[in-house]
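Asker: after the sequence you'll find the predicted model.
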Amino acid sequence: MLHHHYKQNKHFYWSAFALAGPVIISQLGHTLVQTADTIVVGKFVGTIPLAAVSLVHSVFIVVMVIGLGISYGLTPLIAQAHGQKDEASCGILLSSSFWLNIVTAFVLFFVIQFGATYAMEHLDQDPRVVEAAKPYLFVLMLSIIPLMAFNAFKQFAEGLGFTRQAMNITIWGNLLNIILSVVLAKGMFGIPAMGIVGVGYATLIDRVLMMLAMSFYVLRSKRFSPYTKTFSFFHAELSRIKSIFKIGAPMALQYVFEVGSFAAASLIAGKIGALEQASHQVAITLASMTYMMASGIASAATIKTGHSYGKRNMRRVKKFATASYHLVIVFMLICAIIFAVFNQYLPRIISDDQTVISISAQLLIIAGLFQLFDGTQVVGLGVLRGMGDVNVPTLITFVAYWIVGIPAAYLMGIYFNIGVQGVWYGLSLGLLTSSILLYIRYRSIIRQRMDRFG
């Protein structure tokens with residue numbers, strides 16, 4: 001039966017997979033920058049700086065997903081315009097997205113830089129960790145500006161189905177980031193050792209160069225010329241900005257509710273102890289890589305369902321949604337097995353501290369359990385996004401993470417004294433809740449749309 005189903009729908013699986021592959025690598029690139037930073041600090045700087053990285057990343061990841069969520073509002077609009085063969089709208093949408101992203105980046109920089117610095121000093125964190133975190137946070141926050149500009153052009157290209165160039169730029173950017181991080185952190189070739197701040201400067205340089213490469217590719221490539229004729233840095237339209245923001249803002253909230261819950265979990269782990277916080281950072285770094293890969297499948301689902309939805313072809317929407325769910329289930333099951341089998345070895349990539357390795361190994365077993373929930377819920381968001389449904393999914397993610405997940409994490413981790421493992425059990429419950437509710441929402445919406453459009 002399964003073989004017969006695959007044979008009938010093979011085109012949808014391979015089409016979704018072919019688009020998802022480069023997107024997965026591009027999405028993974030955002031997390032790999034943080035992963036590289038964590039590895040360099042864990043290997044070359046020390047455990048207290050590693051805890052500082054955990055603290056800063058728990059703040060910065062929220063900032064990053066707010067920015068990325070808003071920028072992702074462009075992709076379904078480009079996909080739908082492409083499906084309707086409206087090339088002129090694509091260039092205007094890109095102009096509008098660019099300025100929306102830049103303004104968002106500056107707002108995030110000023111609000112978070114001053115707000116997070118104050119908050120870190122009043123959240124019962126280790127003073128040594130806070131002192132190491134402050135300068136690193138400042139440099140990392142500067143990098144949000146080129147990152148947002150890069151993403152305007154990246155989401156434009158991906159909305160049209162061109163994904164490989166962003167993947168290539170991301171790969172080279174990450175290699176450069178690793179090299180620069182080691183050189184600046186350790187102090188090599190006559191450069192004085194900068195420690196954790198050097199890692200931040202490496203990320204900033206990397207993101208500036210990626211921004212320049214991606215913008216040059218989109219604006220100079222002949223394949224985009226039909227779509228960029230109406231593009232101008234001075235041709236943003238308020239109505240288009242509102243359209244992008246109307247989709248992007250709920251998406252940003254969806255990401256904030258999930259990633260913010262993991263940031264809150266880091267703070268809860270910090271209340272337990274610095275070693276537990278460092279262990280949480282090691283495990284969440286590894287789990288974040290699989291999440292971003294699943295997010296790549298979700299982005300491909302948004303593009304495919306958005307394109308079909310633009311043509312009002314609901315049967316193709318359903319086919320691509322089903323294929324995306326099946327792909328992410330298989331992928332996350334493989335990741336869960338890897339986490340379970342190699343849980344004692346994977347933490348050694350990041351840290352040499354035996355206590356941190358031991359605690360992280362236990363957390364990876366739990367991470368293996370929630371991989372399936374994490375993958376299916378992010379694909380559910382991607383499919384609904386392609387159909388323009390963003391408000392109810394936003395409410396679902398809020399309930400799942402902040403009404404169910406975080407209270408459960410605090411109760412099990414602190415109140416019942418289970419420790420950092422209890423924190424992760426709570427997070428797993430939140431992911432399970434989100435996955436189930438989003439799937440129910442998808443089934444309801446697709447029935448409504450098929451009754452309406454056929």
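Answerer: Perfect, thanks for sending it. Residues are numbered from 1 along each chain as shown.
Asker: starting at the chain centroid, how far to stretch 422-432?
Answerer: In terms of CA atoms, centre = their mean, to the nearest Å, the centre of stretch 422-432 is found 19 Å from the chain centre.
Asker: ditto for stretch 164-172
Answerer: Stretch 164-172 sits 16 Å away from the centroid of its parent chain (CA atoms, centre = their mean).
Asker: so which bits of it are buried?
Answerer: For stretch 164-172, burial by neighbour count (16 or more other CB atoms under 10 Å) applies to Q165, A166, M167, I169, T170. No exception for glycine: its C-beta is placed from N, CA and C like everyone else's.
Asker: ok, stretch 221-229 next?
Answerer: For stretch 221-229, by 16+ other CB under 10 Å, it's F224, Y227, T228.
Asker: could you dump the residues you listed into CSV with secondary structure, distance to S324 and pLDDT added?
Answerer: Formatted as CSV, the buried residues of stretch 221-229 follow (DSSP: H, G, I helix; E, B strand; the rest coil; distance: CB to CB, whole Å; pLDDT from 0 to 100):
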residue, secondary structure, distance to S324, pLDDT
F224, helix, 26, 79
Y227, helix, 25, 74
T228, helix, 29, 77
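Asker: out of the residues you listed, the closest to G248 would be?
Answerer: Closest approach between the buried residues of stretch 221-229 and G248, by CB to CB: Y227, at 19.6 Å.
Asker: quick check: that closest one touching I92?
Answerer: No. Contact status for Y227 versus I92: not in contact, 10.1 Å apart, counting by CB atoms under 8 Å.
Asker: all helices in the stretch 101-250 of the chain, in order from the N-terminus.
Answerer: In the stretch 101-250 of the chain, the segments counted as helices under DSSP state H, counting those that start in this stretch are 127-142, 144-159, 164-186, 196-220, 225-228, 238-272.
Asker: next: the stretch 251-400 of the chain.
Answerer: Going by DSSP H, counting those that start in this stretch, the stretch 251-400 of the chain shows helices at 274-310, 314-341, 354-386, 391-398.
Asker: tell me which of those helices sits nearest to S232.
Answerer: That would be helix 274-310 among those, by CB to CB, at 24.4 Å.
Asker: from the chain's centre, how far out does the closest one sit?
Answerer: Remark: helix 274-310 is offset 5 Å from the chain centroid, using CA atoms, centre = their mean.
Asker: so for that helix, what's the average pLDDT?
Answerer: Averaging pLDDT along helix 274-310 yields 78.
Asker: helices or strands up against that helix?
Answerer: For helix 274-310, the packing partners by 3 or more CB pairs under 8 Å, 6 or more residues apart in numbering; DSSP states H and E come out as helix 2-44, helix 47-72, helix 74-83, helix 144-159, helix 238-272, helix 314-341, helix 354-386, helix 420-453.
Asker: number of residues surrounding V392?
Answerer: Other residues near V392 number 15, with proximity taken as other CB atoms under 10 Å.
Asker: which residues touch it?
Answerer: Going by CB atoms under 8 Å, 6 or more residues apart in numbering, V392 touches R441.
Asker: again, only this time at 10 Å
Answerer: Contacts were defined as CB atoms under 10 Å, 6 or more residues apart in numbering; by that measure V392 touches P250, L384, L437, L438, R441, S444, I445.
Asker: isn't V390 right up against I244?
Answerer: No. Judged on CB atoms under 10 Å, V390 makes no contact with I244 at a distance of 11.8 Å.
Asker: just want to know which of these two has more residues nearby.
Answerer: More crowded of V390 and I244, by other CB under 10 Å: I244, with 25 against 21.
Asker: skip the chain neighbours and tell me the closest residue to the more buried one.
Answerer: Nearest non-adjacent residue to I244, counting by CB to CB, 6 or more residues apart in numbering: G73, 4.3 Å away.
Asker: and that neighbour, backbone torsions?
Answerer: The phi/psi pair for G73 (degrees, to the nearest 10) reads phi -60, psi -20.
Asker: is it correct that it is in contact with Y255?
Answerer: No. Using CB under 10 Å, G73 makes no contact with Y255, being 11.8 Å away.
Asker: one step back: right, so the helices of the stretch 251-400 of the chain: which one is the most enclosed?
Answerer: The highest mean neighbour count among the helices of the stretch 251-400 of the chain, using mean count of other CB atoms under 10 Å, belongs to helix 274-310: a mean of 26.
Asker: T104 versus the residue nearest the centre of the chain, what's the distance?
Answerer: Nearest residue to the geometric centre of the chain (CA atoms, centre = their mean): M292, 5.3 Å. Distance, M292 to T104, by CB to CB, to the nearest Å: 20 Å.
Asker: low-confidence ranges, the stretch 351-454 of the chain, go.
Answerer: 451, 453-454 (pLDDT under 70).
Asker: give me the nearest residue to W99, chain neighbours excluded.
Answerer: Closest residue to W99 apart from its sequence neighbours, by CB to CB, 6+ apart: A236 at 4.5 Å.
Asker: report the contact partners of the one you found.
Answerer: Shown in contact with A236 (CB under 10 Å, 6+ apart): I92, L93, L94, S95, S96, S97, F98, W99, L100.
Asker: next, count neighbours for S215.
Answerer: Residues near S215, counting by other CB under 10 Å, number 16.
Asker: against Q165, how distant is it?
Answerer: The spacing between S215 and Q165, counted by CB to CB, is 11 Å.
Asker: again, but for Y309
Answerer: Applying CB to CB to Y309 and Q165 gives a distance of 25 Å.
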